[in-house]
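1. Any chance you can model this:
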Amino acid sequence: NNIEDLEDLFTEGYLKHWKITAVLLKENTISDAQIFDCMNSAEVNCSLMAYEATELTYSIFPPRNGEKLILTWASFPADEEVLQARQDELYQAAVNAASHISQAENSGGLYKAVYDFLLEHVEYDETLSQATLMGPEYVTADMHRQRSAYGALVDRKTVCTGYARAFQALCGQLGLPCYTLLGEY
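-> Next up, the predicted model:
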């Protein structure tokens with residue numbers, strides 16, 4: 001019906017490891033750029049996904065009778081069994097951390113408690129940061145896992161992306177509204 005519904009559908013597909021997602025837009029009111037933005041934003045906001053996607057691909061078939069067909073693929077650097085096992089580990093780590101956070105006394109509130117927890121329990125990974133700066137060909141499958149909330153909450157070592165996704169995952173567990181925005185500096 002709208003951009004939010006489209007992003008929710010992509011999010012569901014990523015979390016369930018769908019090989020392909022097909023969407024038929026009844027009315028051609030969403031631009032091609034908005035479709036890609038929804039795919040990208042959904043991937044970034046899948047905080048309980050144990051690996052970041054290595055590639056997002058889509059095809060849009062020309063509108064007919066006011067309809068537009070979209071086919072999307074998200075590629076991950078692990079097979080479905082490994083993805084699910086890591087996702088289960090990540091979910092349990094998020095539940096455990098949220099339980100610890102909700103019991104902690106913090107004068108700054110729960111958002112501050114999440115921030116403090118990540119600051120105290122997660123180390124910034126300089127090696128991963130350098131590989132990322134060198135280019136995508138230097139980022140291994142393990143590094144794609146480290147750049148997710150899994151790196152922060154399970155392995156306790158990540159970069160900016162992992163911190164953001166872990167923050168969102170913990171907020172979700174605590175019932176706090178949180179949404180990651182994409183940006184460049």
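2. need the contact list for the nearest residue to D125 once chain neighbours are set aside.
-> For D125, the nearest residue in space outside its immediate sequence neighbours is K157; the separation is 4.7 Å by CB to CB, 6 or more residues apart in numbering. Every C-beta, even on glycine, is put in place using the N, C-alpha and C of the backbone. K157 makes contact with 122-125, 128, 146, 151 under the criterion CB atoms under 8 Å, 6 or more residues apart in numbering.
3. try 10 Å this time
-> K157 is in contact with 122-128, 146, 151, counting by CB atoms under 10 Å, 6 or more residues apart in numbering.
4. likewise L90?
-> Applying CB under 10 Å, 6+ apart to L90 gives the contacts 47-51, 145, 148-154, 165-166, 169.
5. Now, of the contacts of K157, which are buried?
-> Neighbour counting over the contacts of K157 (16 or more other CB atoms under 10 Å) leaves 122, 125, 128, 146, 151 as the buried ones.
6. By pLDDT, give me the weakest of those residues.
-> Taken together, the buried ones among the contacts of K157 show their lowest pLDDT at L128, with 87.
7. Was I right to think that one contacts S148?
-> No - in this structure, L128 is not within contact of S148 by CB atoms under 10 Å, at 11.5 Å.
8. Quickly list what's touching both of those two.
-> Among the neighbours of L128, those also in contact with S148 (CB under 10 Å, 6+ apart) are 158, 161-162.
9. What are the boundaries of the strands in the protein?
-> 21-25, 55-64, 67-75, 123-124, 157-158 (DSSP state E).
10. Sheet partners, orientation included, of the third one?
-> Read that as strand 67-75. Strands flanking strand 67-75 in the sheet, each with its direction: strand 21-25 (antiparallel), strand 55-64 (antiparallel) (DSSP bridges).
11. so where's the protein uncertain?
-> 1, 28, 105-107, 184-185 (pLDDT under 70).
12. which parts of the biggest helix by length in it are buried?
-> Scanning the chain for the longest helix, with DSSP state H as the assignment, gives helix 80-103. Neighbour-count burial for helix 80-103, counted by 16+ other CB under 10 Å, picks out 83, 86-87, 90-91, 93-94, 97-98, 101.
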